[in-house]
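# Pasted the sequence and its predicted model underneath.
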Amino acid sequence: MGKLLSDDDIQQYHRDGFFAPARVMSADDALAFRRKFEAYEAAHEGWYEMSKGQKLYLLQTWARDLAKHPKILDAVEDVMGPNLMVWGLSLFIKDAGSPNYVSWHQDSTYWGLSKPNVTTAWIALSPANRQSGCMKMMPGTHQWEQIAHKDTLAQENLLTRGQEIAVNVNEDDAAYLELEPGEISLHNIRTVHASAPNVSTDRRIGIAVRYITPDVKQVNADGDSAWLVRGEDTDGNAIIDKDRVETGHPRPPGNRRTDGGLAGDADLGFNAAIKHRPDNAFVHVIVTDLKQAFGKTLRHPGRRPRAAG
């Protein structure tokens with residue numbers, strides 16, 4: 001028996017490459033997170049189109065609180081082990097009646113991670129069902145090697161490159177992961193999955209947190225960062241998103257055990273954002289949020305190289 005999942009649940013995850021549903025919070029708590037997200041969304045028009053919420057836990061406490069939610073970590077630990085790091089966070093929003101969809105794909109296609117010790121916890125903040133375009137999975141495909149993908153750049157595809165697997169799948173074999181607000185699903189980085197448009201009358205709001213084990217390396221770039229949220233960093237492969245500490249109380253040197261604080265390596269986050277999206281409006285949103293998060297005056301990154309740090 002795991003901390004949250006039963007033995008049968010854990011066995012299903014390893015057999016099929018996914019598991020759902022797991023209740024991690026009440027519907028009321030999920031609604032509270034939804035309201036915080038939608039307040040942030042309303043305050044920063046166009047932020048989603050530019051950033052997709054990547055590493056939003058560095059900027060917003062509600063995103064941080066979701067990524068380190070104890071019951072979510074319990075479920076992830078049940079399938080991955082005690083040492084967990086958050087590598088990324090993505091938002092998948094489908095408005096009511098939206099034609100947006102996600103094509104059949106493997107998450108591992110462009111992430112550049114060295115091994116498939118990666119689990120996504122997909123958190124439902126609104127109903128995710130067949131009408132609203134819930135995720136659908138192809139059981140057992142996590143045991144496949146990396147499949148060739150093709151980039152479609154389809155405008156209505158929520159994936160950044162509209163990537164889809166270059167092989168046909170039998171839709172009749174798909175498992176639909178229907179979730180109520182406050183429930184999560186778990187899936188492996190190689191599990192082939194997709195989702196259809198939202199034909200319901202409510203938004204479908206999903207937040208996908210990507211967890212890795214410390215032995216996973218970034219192989220497509222010089223450096224990458226991750227946030228230690230449970231256990232220990234046993235390998236030192238990632239640049240550690242620093243825990244927030246109060247001024248005048250520096251963190252003891254050499255302490256590699258998580259204290260559950262905020263991951264706040266702003267310099268790294270800025271550099272990655274600016275490299276891929278040198279947009280002054282986008283940078284302004286990040287600067288504004290970090291000023292709120294850290295209570296410090298920050299220079300605009302466009303003023304000089306690496307000024308954001």
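Cool, got the structure.
# Surely residue 12 is in contact with residue 22?
No - the pair residue 12 / residue 22 is not scored as a contact, 11.1 Å apart, by Cβ atoms under 8 Å. The way it works is simple: take the backbone N, C-alpha and C, and place the C-beta from them, glycine included.
# quick one, which of those two is more surrounded?
Between residue 12 and residue 22, counting by other Cβ atoms under 10 Å, residue 22 is the more crowded of the two (23 against 18).
# ok but that one is inside a strand, no?
Yes - Residue 22 forms part of a strand when assessed by DSSP: H, G, I helix; E, B strand; the rest coil.
# just the strands in this protein please.
18-23, 84-94, 102-105, 118-124, 135-137, 149-151, 163-165, 175-177, 183-188, 193-195, 204-212, 225-230, 239-240 (DSSP state E).
# Please name the strands paired to the second one in the sheet, noting orientation.
Here strand 84-94 has these sheet partners by DSSP bridges: strand 204-212 (antiparallel), strand 225-230 (antiparallel).
# Specify the angle between that strand and strand 118-124 in degrees.
40 degrees (axes from the mean of the first three to the mean of the last three Cα atoms, to 10 degrees).
# before we move on, what about the first one?
Angle of strand 18-23 versus strand 118-124, following the same axes, to 10 degrees, is 40 degrees.
# Please save the CA atoms from strand 18-23 in PDB.
Once non-C-alpha atoms are left out, strand 18-23 reads as follows in PDB (Å, rounded to 0.1, in the frame of the first residue of the first chain):
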ATOM      1  CA  PHE A  18      -1.100   6.000 -16.400                       C
ATOM      2  CA  PHE A  19      -3.500   6.000 -13.500                       C
ATOM      3  CA  ALA A  20      -6.700   8.000 -12.800                       C
ATOM      4  CA  PRO A  21      -8.500   9.200 -10.800                       C
ATOM      5  CA  ALA A  22      -6.800  10.100  -7.500                       C
ATOM      6  CA  ARG A  23      -8.600  12.500  -5.200                       C
END
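# so what strands line up beside that strand?
In the sheet, strand 18-23 lines up with strand 183-188 (antiparallel) (DSSP bridges).
# count of neighbours near the nearest residue to residue 107 once chain neighbours are set aside?
Counting by Cβ to Cβ, 6 or more residues apart in numbering, residue 107 lies nearest to residue 189, which is 4.7 Å off, once chain neighbours are set aside. Neighbour count of residue 189, defined by other Cβ under 10 Å: 22.
# what residues are up against residue 189?
106-108, 111, 113, 116, 118-120, 142 (Cβ atoms under 8 Å, 6 or more residues apart in numbering).
# Distance of residue 72 relative to residue 123?
From residue 72 across to residue 123, the span is 7 Å (Cβ to Cβ, to the nearest Å).
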